[in-house]
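Enquirer: One predicted model, sequence on top.
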Amino acid sequence: MDTIVVTFARLVARGILPLHALSTILRLIVGFLLGATLGVALGLVMGRFRWAEDLLVPMVSVGNPIPGLAYAPLFVIWFGLGNLPAVLLVGFAAAFPVAVNTWTGVKAVKEIWIRAAQSMGARERQLFRMVVLPGALPWVLTGLRLGLARAWRVLVAVEMLTSVSVGLGWLIFGAREFLATDVMLAGIAVIGLVGLALEKLVFEPLERFTVVRWGMLTG
């Protein structure tokens, strides 16, 4: 344990861990934002329009259980090596759980809320903004959490497969070649710490200022 702590401190002091962590976080943020945007949009459309539900739900249901890494060879063939396939694969993998949970949340919105808004003259855009999206938000947040976890798992592994020059996945797999378990564990520790930071600094405040504040969940 002492060796791991010393290695962690040494890698941080030399700027090695921050460099790799920053590169991975940037890929995660860009890819996850793409996937989250796509997933929420698909989920909203599937939940509100029957034709979209009939068309897209089977496709999403087939793609969701497939591990993200199974798509990695295709993304490498289509987009080459480097950052682009890694970012796109992260977004693609994260979109599925976000879409499924958003769709579930939209379907769970009480019909009486929608009818009440329509009776007061609300149009489709207002229904989305004022009724459907707030009502589905607890499920959307759950989907975002699941999508982020899936994005992390995919990204760390795919960083080696796509031959990026820097990143936590590259650091861990590179340390494996030299049997440097202390470096590997230091990289794994950073992954866990970043995940914890995202939960505490992003999701919990977002949940607190939305669904908890609105009385949809207890804080």
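Expert: Cool, the structure landed. Numbers count the residues shown, from 1 in each chain.
Enquirer: Work out which residue lies at the spatial centre of this structure.
Expert: By CA atoms, centre = their mean, the mean C-alpha position of the chain lies nearest to Leu148, the distance being 2.5 Å.
Enquirer: Please tell me I have it right and that one contacts Ala95.
Expert: No. Contact between Leu148 and Ala95 fails when scored by CB atoms under 8 Å: they sit 11.8 Å apart. Just so you know, the C-beta spots here come from the backbone N, C-alpha and C atoms, and that holds for glycine as well.
Enquirer: re earlier: need the contact list for the residue nearest to the centre of the chain.
Expert: 28, 32, 94, 195, 198 (CB atoms under 8 Å, 6 or more residues apart in numbering).
Enquirer: How about Ser119?
Expert: The contact partners of Ser119, by CB under 8 Å, 6+ apart, come to none.
Enquirer: For Gly129, the count of nearby residues, please.
Expert: Not Gly; residue 129 is Arg. Residues contacting Arg129 under the criterion other CB atoms under 10 Å number 11.
Enquirer: follow-up on the earlier one: may I ask which of the contacts of Leu148 has the most neighbours?
Expert: Each of the contacts of Leu148 was scored for neighbours by other CB under 10 Å, and Ala94 scores highest at 31 neighbours.
Enquirer: mind checking the SS state of it?
Expert: When the structure is reduced to helix, strand and coil (DSSP: H, G, I helix; E, B strand; the rest coil), Ala94 reads as helix.
Enquirer: okay, the nearest residue to it once chain neighbours are set aside: pLDDT?
Expert: Using CB to CB, 6 or more residues apart in numbering and skipping residues adjacent in sequence, the residue nearest Ala94 is Gly35, 3.2 Å away. What the model reports as pLDDT for Gly35 is 95.
Enquirer: Helix or strand for Gly35, just tell me which one.
Expert: Following DSSP states H and E, the helix or strand that holds Gly35 is helix 16-48.
Enquirer: Going by neighbour count, which residues in that helix are buried?
Expert: Neighbour-count burial for helix 16-48, with 16 or more other CB atoms under 10 Å as criterion, is recorded at 16-17, 20-21, 23-25, 27-28, 30-32, 34-36, 38-40, 42-48.
Enquirer: returning to that earlier point: would you agree the residue nearest to Ala94 is in contact with Val90?
Expert: Yes. Using CB under 8 Å as the test, Gly35 is close enough to Val90 to be in contact (6.6 Å).
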